[in-house]
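Undergrad: Okay, here's the prediction I keep looking at, along with the sequence it came from:
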Amino acid sequence: MGETNKEYIQESAVPRRWETHGGEDVPVYAQGVNGHLFRGVVEQTFIPYAISYASCIGPFKKLCQEHIKKSEHRGGVIGLSTAYHLNELGYNNVIVIERDEITSGTTWHTNGLVWRLRPSETDINLLSRTHELVSKRLLSHSGVDATGWINNGGLFLAHNTARMQEYQRLHGMSKYYGIESYILDKSQTIDLLKPLIDEKTSDLTGGLYSPNDGFVDPHMYCSALIKAANIQVFSKCRLIAINTSDCFSLNTRQRKVNKLSVQYNGLRHDIETSVVVNSSGVWAPIVAKLAGIDNIPQETMEHSYVITEPIEGVVHNKTPNIRDHDLSIAFRVSGKSLCIGGYEPDPVLISHKISTLEPFTLFDLNWDKFGIHLENSAKLMPIIGETGIKATTCGPESFTPDHKPLLGEDPLVRGFFHASAFNSFGISLSGGVGYQMAKWLTTGSPDIDLSAYDIKRFNRHLINNRVWSHERCREAYARNYARNETFSDALYELLKSNGCVYRERHGIQCPDWFDLVSTPLTTEQYIDLDNTYDWSEDSRQWKAIKYECQSCHERAALFNLSSMAKYLVRGENALQVIDSLSPTDVKSMLNNSTILSYLLNTRGGITAEIIINKVNDNQFYITCADISTNHAMKMRLIRFSQVSHTGWELHLNNGQHLKTIYNKIIANDLVANAGYRAYESLKNENQWLSGCLDMRSEDMLWDVGLDTHICEHKRKQYTDYKDMRSEDQNKHYVWIRPENKRPIVCGLEPIWSDSQAIGFVRKNFYSHKSQRMLAFGLIYDKFLKNSNIPSSVEIEIFGNLYQAKVDKVVCKQT
């Protein structure tokens, strides 16, 4: 980059065709098999509030050179981590633009906790990268003497058996990922915290201890990032405009980033750039508006912690950080004091104030709301009730409706990347997110599956519904589940009267299962039914889902799949566009025929599973499971079924006639209502893995025997991707059948062979047909001898090992 141009192949969930560049139309990009066909040469520039590979105009270029000599190095952690990792990948013309002083937003008042154990493959990968960065990698750079890392350990506390089961599950995961951790009983847990907790009065059950976790000083961490990569930081540099221009994609007019305008040292300067990374924290919606993006699904709330007076027994580098999930509180040592924080049940929403928030903004602590944390802290450690508070911090923090960050390219503005709304988890995720953003920007896709973090998980209907965003963010903050969904179809009340228990699926109310008991429960009561690791065969949902599965096997079942995305692609180039997106030979399809296909990223990873129905050469009807978009169409009847029986899909408008058709179908005594729980069980029972859910963006079609979906003349490109994959990434996908039919497999349990963790469970399901728990998992070549998959393994479930048979996956959708 820099003084020379590089070819830039960029991936996006929104397919593109052509872009104007240099005064003429040149082919730049098409997603899928011909991604390298539509390829242009561009000078790539990136801006976190921006980051930029800068092609500077006029005096700003000179300022860049002068600034290196006199800059005071401070940093906002997400933007600086992205810039650091870009530098590590060889891109050294990166600049960071900061409106005030970096760490003046939300980074400076964070508590800096770094945990690694979470119930998610993605989270563990990101968190582990942060841990490695602050504890080792940064210290290997010349000029970096310290990162502010304190290795005092991390401790999760449990007050009941169910919570200990969750920690046993996390402990099992830690063995596969090589994270040292220990399950502690009550006595061992209290010994670790003496004299803070009294064993005689404590109701603790035990805990999970990770001795190598800790916390990091945000200022020292950011300074280390800057020094390690010699990042150019422009403080007191105000972004005043983002220039965009029209470009076109498959189904919508898009815009693309061309230039930034900033005010620096009292003068306006322009920066030519094609890519902006918006990592401006709570101010991210304001920066997005400069690019013509009216709304992003991010809300700002007050988030607080207090620091106690010194407490006897608290040791700065010895007392572990504490997370008590049952009491919703967390502790970090601060010298001889404790820093106490948590999530209030009624948080204060301040999104309407962000335009008036100044750098280093703090608010008065609302003691009425925060008091619940002090009460719970005193229950856990009575000495806290006798100790004064010497400092309080209440600052702005950004949150999302599903409590996950916003990452990736905006679907409507090319080159505008989001990296914000970290839900008070920014420091912990910073190392991993910075690395993955750098890979995303330079190769077109991240190394790991980030679909749960990608901003494209929210459709425009959700993003523009501010009431939903406000309420859902409040609930995610306080309770981590939603009750106020945004969209329901014309069947909602009718299905509810027939016992439907709904769940949110991408902002849409979807049937989960149908209660056979005539007296309905409240939403909270239905949620509580699922808050267990030991479903009884006498439970309401077990009986209901079993009945629905049996109905499908023995008679007929009717599923409402309204959450599926529906697209009608029309035009004289429709065939060419669809064929370019799909690895399948779409050109050979007959009119009114249907095929299954996949969308693949730049590395051949699976990003989506699509069903293509060809009307004619100029019109295609496409459905895509589990993507949050809905379009109204006239009725179409498609012969297709993902469950284990011949079936049909009926697509029609959402209106009164929908009720009429439903009533006529369900009036047949052979037809039963069924929900997503039964649907997923039947799919997996049929060995059908879903693209983007079971198979993810780091998985290839070859891995699961689906390479038959790649036509011969498109095969070489994906063979090259497969051959380029490192040996450590080579894996086998297996079906797992525990010999004991009843253990509850939840996912992410380690798979053992010859005392070695060789893989993990990705997904579980119960087969009501065979009356046993089954699972789907991954086994990695690097742990096997000659790539031979063992026929028998052990699965660690809540600390116990269960024998299981293993078969290599060959998906039935071939």
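TA: Perfect, thanks for sending it.
Undergrad: Check the gap between the nearest residue to residue 546 once chain neighbours are set aside and residue 669 for me.
TA: Spatially, and ignoring its direct neighbours in sequence, residue 546 is nearest to residue 768 (4.7 Å; Cβ to Cβ, 6 or more residues apart in numbering). All C-beta atoms are positioned from the backbone trio N, CA, C, and that covers glycine. Residue 768 sits 21 Å away from residue 669, taking Cβ to Cβ, to the nearest Å as the criterion.
Undergrad: Same drill for the two, tell me which one is more crowded.
TA: Per other Cβ atoms under 10 Å, whichever of residue 768 and residue 669 has more neighbours is residue 768, with 20 against 8.
Undergrad: Surely that one is in contact with residue 677?
TA: No - Residue 768 is not in contact with residue 677 according to Cβ atoms under 8 Å; the separation is 10.6 Å.
Undergrad: who touches both of the two?
TA: Any residue near both residue 768 and residue 677 by Cβ atoms under 8 Å, 6 or more residues apart in numbering counts here, and that gives residue 545.
Undergrad: what helix or strand is residue 568 on?
TA: The secondary structure element spanning residue 568 is strand 565-570 (assigned by DSSP states H and E).
Undergrad: which element follows that strand toward the C-terminus?
TA: Moving toward the C-terminus from strand 565-570, the next element (DSSP H and E) is helix 574-581.
Undergrad: same question for that following helix, mean pLDDT?
TA: Model confidence over helix 574-581, given as mean pLDDT, is 90.
Undergrad: what's it packed up against?
TA: With contacts defined as 3 or more Cβ pairs under 8 Å, 6 or more residues apart in numbering; DSSP states H and E, the packing partners of helix 574-581 are strand 619-624.
Undergrad: Give the buried residues for the strand it packs on.
TA: Along strand 619-624, the positions that meet the burial threshold by neighbour count (16 or more other Cβ atoms under 10 Å) are 620, 621, 622, 623, 624.
Undergrad: So what's the gap between that strand and the chain middle?
TA: Mean C-alpha position of strand 619-624 versus that of the full chain (Cα atoms, centre = their mean, to the nearest Å) differs by 26 Å.
Undergrad: What is that strand packed up against?
TA: Packing contacts for strand 619-624, counted by 3+ Cβ pairs under 8 Å, 6+ apart, involve strand 565-570, helix 574-581, strand 606-616, strand 648-651.
Undergrad: What strands flank it, and is each parallel or antiparallel?
TA: Strands that pair with strand 619-624, judged by DSSP bridges, come out as strand 565-570 (antiparallel), strand 606-616 (antiparallel).
Undergrad: what are the C-alpha coordinates of it, in PDB please?
TA: Below are the C-alpha coordinates for strand 619-624, written out as PDB (Å, rounded to 0.1, in the frame of the first residue of the first chain):
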ATOM      1  CA  GLN A 619     -36.600 -13.800 -12.900                       C
ATOM      2  CA  PHE A 620     -35.400 -15.700  -9.800                       C
ATOM      3  CA  TYR A 621     -37.100 -16.100  -6.500                       C
ATOM      4  CA  ILE A 622     -34.600 -16.700  -3.700                       C
ATOM      5  CA  THR A 623     -35.200 -17.600   0.000                       C
ATOM      6  CA  CYS A 624     -32.500 -17.600   2.600                       C
END
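Undergrad: Identify the residues contacting stretch 190-199?
TA: Judged by Cβ under 8 Å, 6+ apart, the contacts made with stretch 190-199 from elsewhere in the structure are 155, 184, 186-187, 202, 204, 207, 209, 311-314, 319-320, 322, 380-383.
Undergrad: now do 10 Å
TA: The contact list for stretch 190-199, computed with Cβ atoms under 10 Å, 6 or more residues apart in numbering, reads 153, 155, 157, 182, 184-187, 189, 200, 202, 204, 206-207, 209, 211, 311-314, 318-320, 322, 331, 338, 380-384.
Undergrad: swap in stretch 512-529?
TA: Stretch 512-529 is contacted from outside by 479, 481-483, 495-505, 530, 535, 539-548, 672-679, using Cβ under 10 Å, 6+ apart.
Undergrad: what about the strands in the stretch 601-750 of the chain?
TA: 606-616, 619-624, 636-639, 648-651, 671-674, 731-738, 750-753 (DSSP state E, counting those that start in this stretch).
Undergrad: How far away from the center of its chain is the fifth one?
TA: With Cα atoms, centre = their mean as the basis, strand 671-674 stands 33 Å off its chain's centre.
Undergrad: Check the burial of residue 182 by counting its neighbours.
TA: Residue 182: 14 surrounding residues under other Cβ under 10 Å.
Undergrad: repeat for residue 326
TA: When counting by other Cβ under 10 Å, one arrives at 16 neighbours for residue 326.
Undergrad: Spell out the secondary structure type for it.
TA: coil (DSSP: H, G, I helix; E, B strand; the rest coil).
Undergrad: for residue 773, same thing?
TA: Reduced to three states by three-state DSSP, residue 773 is strand.
Undergrad: My guess is it contacts residue 749. True?
TA: No - contact status for residue 773 versus residue 749: not in contact, 11.2 Å apart, counting by Cβ atoms under 10 Å.
Undergrad: With neighbour numbers in mind, choose between those two.
TA: With neighbours defined as other Cβ under 10 Å, residue 773 and residue 749 compare such that residue 749 has more, 25 against 22.
Undergrad: For beta bridges, what are the partners of the closest residue to the more buried one other than its chain neighbours?
TA: The spatial neighbour of residue 749 that comes closest, neighbours along the chain excluded (Cβ to Cβ, 6+ apart), is residue 761 at 4.5 Å. Using DSSP bridges, the beta-bridge partners of residue 761 come out as residue 777.
Undergrad: for this protein, which spans come out with low pLDDT?
TA: Under the criterion pLDDT under 70, the flagged ranges of the chain are 1-75, 102-109, 248-253, 478-486, 625-633, 635-636, 639-640, 644-645, 812-814.
Undergrad: Same list, the strands of the stretch 601-750 of the chain, but as JSON lines with distance to residue 461 please.
TA: Formatted as JSON lines, those follow (distance: least, Cβ to Cβ, whole Å):
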{"stretch": "strand 606-616", "distance to residue 461": "19"}
{"stretch": "strand 619-624", "distance to residue 461": "16"}
{"stretch": "strand 636-639", "distance to residue 461": "22"}
{"stretch": "strand 648-651", "distance to residue 461": "19"}
{"stretch": "strand 671-674", "distance to residue 461": "26"}
{"stretch": "strand 731-738", "distance to residue 461": "35"}
{"stretch": "strand 750-753", "distance to residue 461": "40"}
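Undergrad: care to break this protein down by domain?
TA: 1-71, 727-808 (the TED database).
Undergrad: Mind listing what's buried along stretch 306-326?
TA: The neighbour-count criterion (16+ other Cβ under 10 Å) identifies 306, 307, 308, 311, 314, 319, 320, 321, 322, 323, 324, 326 as the buried residues of stretch 306-326.
Undergrad: what's the spacing between that stretch and its chain's center?
TA: Relative to the centre of its chain, stretch 306-326 is centred 30 Å away, using Cα atoms, centre = their mean.
Undergrad: how long is that stretch end to end?
TA: With Cα to Cα, to the nearest Å as the measure, stretch 306-326 spans 20 Å from end to end.
Undergrad: could you redo the buried residues of strand 619-624 as a markdown table and give each row distance to residue 514?
TA: Shown next, in a markdown table, are the buried residues of strand 619-624 (distance: Cβ to Cβ, whole Å):
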| residue | distance to residue 514 |
| --- | --- |
| 620 | 34 |
| 621 | 29 |
| 622 | 29 |
| 623 | 23 |
| 624 | 26 |
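Undergrad: Pull the most distant pair out of the residues you listed.
TA: For the buried residues of strand 619-624, the maximum inter-member distance is 12.3 Å, found between 620 and 624 (Cβ to Cβ).
Undergrad: list residues touching both of those two?
TA: When contacts are counted by Cβ under 10 Å, 6+ apart, residue 620 and residue 624 are jointly contacted by 567, 612.
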